[in-house]
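Student: how does the following fold in three dimensions:
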Amino acid sequence: MGRRISVIFVLAFVVLFLANSVSALTVTGVPSQITGTSGHFTVNISSDTNTSVAVSVPSITQGTGVVSFSVSPSSFSLNTSANHTASRLVNVNYSVSDPDGYFNFLDSVSYSTSLKVNGQNYGTIYFKNTDFCQGTPNVVNILKVDSPDFSISSGYGDSSTWYLLDNVSAKVDVENNGNYDLRNVKVQWALYTTDGNKIDSGTLSSFSLNSGNDKTVDINFQLNNGMNRIDNAGGNVVLYVKASGTIRDTSANGLYDGNQTCSSVNENGYVETGDDFMIPVDVTLNGNILQNGDTLNGSVSCGSNVNLAGTIYNIGSSDQSSGSYVVIYNQELGVNQIVKLGSISAFSSQDFSANFNIPKNASEKIYGIQLSVYDSNNNLYENSNNDQAVKTVFMNVSGNCAITPPTVTADISSGEATEGKQVTVHVYVRNEDAKTATFVLAPSGYNSWADLVNISAETFTLGSGYSKDVYMTFNLKSGSAGSQNFNIILTSNGQIVSDKQVNLTVAQGSFWSDLGSNVNWEIVGIVLLNVVLLVAIIIVAVKILKRR
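Tutor: You can find the predicted model right below:
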């Protein structure tokens with residue numbers, strides 16, 4: 001019996017000793033919540049008995065975000081004297097890596113850890129990412145970020161309703177309303193769903209902002225990420241924008257010089273995801289991405305083959321069954337092709353491709369190729385804003401193309417079409433092509449009945465719609481009487497663009513005209529001159545003989 005009492009007494013003593021050891025430690029200063037990307041706090045640990053102390057704060061890990069703690073000192077001894085307690089201040093520093101990786105400031109959840117002393121919990125510490133500035137204050141309210149002004153740079157939406165794959169532009173004005181200049185002002189943005197999922201983010205180039213000045217920055221993003229997340233949030237998103245910088249305080253005390261300051265703003269947006277809507281995107285011509293999404297950078301030549309390819313994207317929340325198709329159309333080029341599509345799930349896509357030829361006789365200019373997407377019931381896809389699933393892309397056709405034939409007329413402008421005489425033919429040329437062209441003009445097929453004496457212009461350049469008068473003078477040969485014809489050949493860029501036949505009825509000449517046409521009047525003149533001189537010599541000689 002006595003032995004049992006002794007065991008009970010020893011156990012009670014041990015329990016009492018342990019209880020006194022635990023209760024002897026007191027910890028104060030443990031914060032209930034910490035915020036920001038870094039910080040520190042101090043706790044006081046005291047004891048009324050001699051004891052060894054080990055302090056730790058386990059890290060918080062969520063996704064790629066980690067809150068790490070360092071404790072100094074992390075271990076030490078508390079030695080008491082009579083009727084006195086011993087205490088020690090402990091510094092705890094913390095830092096957050098990748099705070100946007102999971103510690104979303106929109107999230108209503110706070111993440112927690114505990115301050116542990118000798119393995120026991122002495123207070124719960126909650127971490128909360130409170131705002132987009134992540135704890136950096138707006139010192140002396142120097143910064144002001146105005147609400148974003150939204151517009152759609154390309155896509156089907158407008159300032160109030162967006163669609164997936166839209167390119168959204170947000171103009172934001174950043175103001176320095178303080179008495180100090182700011183350096184290294186950096187604008188950052190992040191797009192979230194209203195239920196806390198990050199969709200996209202970015203950082204703009206830094207700049208300086210002097211006191212009293214402002215700067216408008218352009219934020220651009222495409223709604224091509226997190227489509228299911230956006231749909232799960234009912235299309236409700238919010239754009240957060242913050243501006244942060246370093247204060248330059250050149251006053252006498254320089255109280256704020258070097259301080260970081262930050263201001264943030266947010267604006268809601270709405271993305272419509274409930275429509276049955278399939279659209280063409282990422283269109284290429286011969287493998288080249290279209291410049292600015294619409295126009296081919298460069299040109300294609302007449303007579304060449306063109307490959308047009310792209311992607312049809314289902315930007316609605318409902319699956320689309322097979323039977324949809326794409327119509328590729330341009331009337332001038334004779335393009336009218338249908339490409340059938342298979343089933344396309346919500347927020348998924350399918351590639352398409354088609355080939356067509358550029359006609360050899362196409363005019364050199366810019367052509368629009370229209371892409372239209374139809375459902376299996378032959379209805380053009382259309383969204384709730386009455387926008388149709390139609391996209392027009394543009395390509396420049398240039399090179400190796402036949403020009404529009406010019407207008408060419410011919411008539412006799414002077415002289416008579418009589419054998420043995422000279423006649424002048426007036427040729428009128430008008431450039432009917434859309435661009436300036438250089439022409440070379442030459443007559444052909446006249447050599448058997450006429451000689452070309454002169455042509456006023458053989459080569460000339462005409463702008464679109466301009467004209468030129470050219471004059472060709474011929475000597476009509478003897479025996480040319482009757483119906484005659486010749487051709488006016490007009491070439492441009494080495495190609496014959498006009499072959500105009502000219503018909504003449506040449507009248508028969510008189511005896512004298514025939515005679516004249518066969519006499520070398522230079523020789524006749526010399527002979528007549530010699531006859532006159534001979535007669536004159538005879539007359540003089542006769543007069544001299546009579547005097548004798």
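Student: name the helices or strands packed onto the helix or strand where L441 lies?
Tutor: Here L441 sits within strand 437-444, counting by DSSP states H and E. Secondary-structure packing of strand 437-444 (3 or more C-beta pairs under 8 Å, 6 or more residues apart in numbering; DSSP states H and E): strand 422-430, strand 450-455, strand 459-462, strand 467-476, strand 482-492. C-beta coordinates here come from the backbone N, C-alpha and C atoms, glycine included.
Student: if you set the cut-off to 6 Å instead, what comes out?
Tutor: Contact analysis of strand 437-444 by 3 or more C-beta pairs under 6 Å, 6 or more residues apart in numbering; DSSP states H and E lists strand 459-462, strand 482-492 as its packing neighbours.
Student: what residues does the last one touch?
Tutor: By that I understand strand 482-492. Strand 482-492 has contacts (C-beta atoms under 6 Å, 6 or more residues apart in numbering) with 403, 427, 437, 439-446, 449, 497-506.
Student: bridged to V117, which residues?
Tutor: With DSSP bridges applied, V117 shows beta-bridge pairing to V55, Q120.
Student: that one and G310, how far apart?
Tutor: The spacing between V117 and G310, counted by C-beta to C-beta, to the nearest Å, is 65 Å.
Student: V265 pairs with what?
Tutor: Listed beta-bridge partners, V265: V241 (assigned using DSSP bridges).
Student: next up, the contacts around it.
Tutor: With C-beta under 6 Å, 6+ apart as the criterion, the residues that contact V265 are 145, 147, 241.
Student: what does M227 give?
Tutor: Residues in contact with M227, defined by C-beta under 6 Å, 6+ apart, are 164, 347.
Student: measure it to N220 for me?
Tutor: Between M227 and N220 the computed distance is 19 Å (C-beta to C-beta).
Student: now do R88
Tutor: Remark: distance between R88 and N220 (C-beta to C-beta) = 55 Å.
Student: which one of those two has more residues nearby?
Tutor: Between R88 and N220, R88 has the larger neighbour count (other C-beta atoms under 10 Å), namely 15 against 12.
Student: output the below-cut-off pLDDT ranges for the stretch 1-150 of the chain.
Tutor: For the stretch 1-150 of the chain, the stretches flagged by pLDDT under 70 are 1-23, 82-83, 99-109, 130.
Student: let's see 50
Tutor: Low-confidence segments of the stretch 1-150 of the chain, defined by pLDDT under 50, span residues 1, 5, 7-23.
Student: could you do the chain as well?
Tutor: Judged against pLDDT under 50, the low-scoring parts of the chain cover residues 1, 5, 7-23, 515-517.
Student: got the domain ranges for it?
Tutor: The record, using automatic domain parsing to delimit domains, assigns the chain the ranges 2-127, 139-272, 278-397, 407-509, 521-548.
Student: and of those domains, who's closest to C133?
Tutor: Distance to C133, taken as C-beta to C-beta, is lowest for domain 139-272 among the domains of the chain, at 3.9 Å.
Student: what's the end-to-end length of the closest one?
Tutor: With C-alpha to C-alpha, to the nearest Å as the measure, the ends of domain 139-272 fall 39 Å from one another.
Student: follow-up on the earlier one: format the helices and strands packed on strand 437-444 as JSON lines; extra columns: mean neighbour count and distance to D387.
Tutor: Putting the helices and strands packed on strand 437-444 into JSON lines (neighbours: other C-beta atoms under 10 Å; distance: least, C-beta to C-beta, whole Å) gives the following:
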{"stretch": "strand 459-462", "mean neighbour count": "14", "distance to D387": "45"}
{"stretch": "strand 482-492", "mean neighbour count": "17", "distance to D387": "45"}
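Student: Throw those into a markdown table and include distance to T273, thanks.
Tutor: Converted to a markdown table, these look like this (distance: least, C-beta to C-beta, whole Å):
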| stretch | distance to T273 |
| --- | --- |
| strand 459-462 | 57 |
| strand 482-492 | 56 |
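Student: of all those, which one is nearest I338?
Tutor: Taking C-beta to C-beta as the criterion, strand 482-492 is the member of the helices and strands packed on strand 437-444 that comes nearest to I338, at 37.9 Å.
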